[in-house]
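Peer 1: For reference, the sequence and a predicted model appear below.
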Amino acid sequence: MKIAIIDYGMGNLRSVEKAFEHVGASGAFVTDDPAAVRTADKAVLPGDGAFDATMDRLRESGVADVVKEFAASGRPFLGICVGMQCLLTSSDEGRQGVVGLDLVPGRVRRFSGGDGLKVPQIGWNELQFPAPSPLFQGLNAADMVYFLHSFYCVPADPATVTATANYGLDYCAGLQAGNIFATQFHPEKSGQVGLAILRNFSRL
């Protein structure tokens, strides 16, 4: 079972790879080779940084096209943090007019910072599960995971939202659209709960 962790010059790649290895997914590997991604059984798009800079890098490296091809193939695909946000159509972050991968219609919005909440949200927060997803199988409401973000996803179809968290408002913390899965939080930094999520993905 080969799990391609896509290297486009951004993202917490090695820690994601190590987390998969920890749950027994020894076939996980980091690659910037489009051919290696195309032949993998599953693929992961980690993310770190701003939406516009990430989309620029995805397009410059040729990864954007590979991700779209992979998603269209029906094989399991996982976006993490900014890797999740880039699956949507557009974002309020950075240069306006930058188009995302548009694999999940929707927009990325910024936290308002109301009620004295600091932006970005940094740290642990509870999950709720409004809809079942194999990615979160075996988890419990109020399980804690690690977040680091100023922006959050608003999918056009609420039925794609499979996990939520609250930070001044309830927002999308996880989604599923067919074979496409994503988490706003970092499962590789979320202890046993995060490892359970990566184990679930590796077993899809």
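Peer 2: Structure received. Computed from a prediction, not measured in an experiment: that's the story for all the values here.
Peer 1: Could you use CA atoms for every contact and neighbour count after this?
Peer 2: Fine.
Peer 1: give me the number of residues near the closest residue to Arg110 other than its chain neighbours?
Peer 2: Taking CA to CA, 6 or more residues apart in numbering, and ignoring the residues beside it in sequence, Arg110 has Phe151 as its nearest neighbour in space, at 4.2 Å. When neighbours are defined as other CA atoms under 10 Å, Phe151 has 24 of them.
Peer 1: show me the contacts for Phe151.
Peer 2: For Phe151, the contacting residues are Glu93, Val108, Arg109, Arg110, Phe111, Pro120, taking CA atoms under 8 Å, 6 or more residues apart in numbering as the criterion.
Peer 1: check contacts around Ser190.
Peer 2: Met144, Val145, Tyr146.
Peer 1: Shouldn't the second one be within a strand?
Peer 2: Think Val145. Yes. Note on Val145: a strand contains this position according to DSSP: H, G, I helix; E, B strand; the rest coil.
Peer 1: Show the pLDDT at the closest residue to it other than its chain neighbours.
Peer 2: Taking CA to CA, 6+ apart, and ignoring the residues beside it in sequence, Val145 has Ser190 as its nearest neighbour in space, at 4.8 Å. What the model reports as pLDDT for Ser190 is 98.
Peer 1: cool, Gly114 as well?
Peer 2: You'll see Gly114 listed with a pLDDT of 77.
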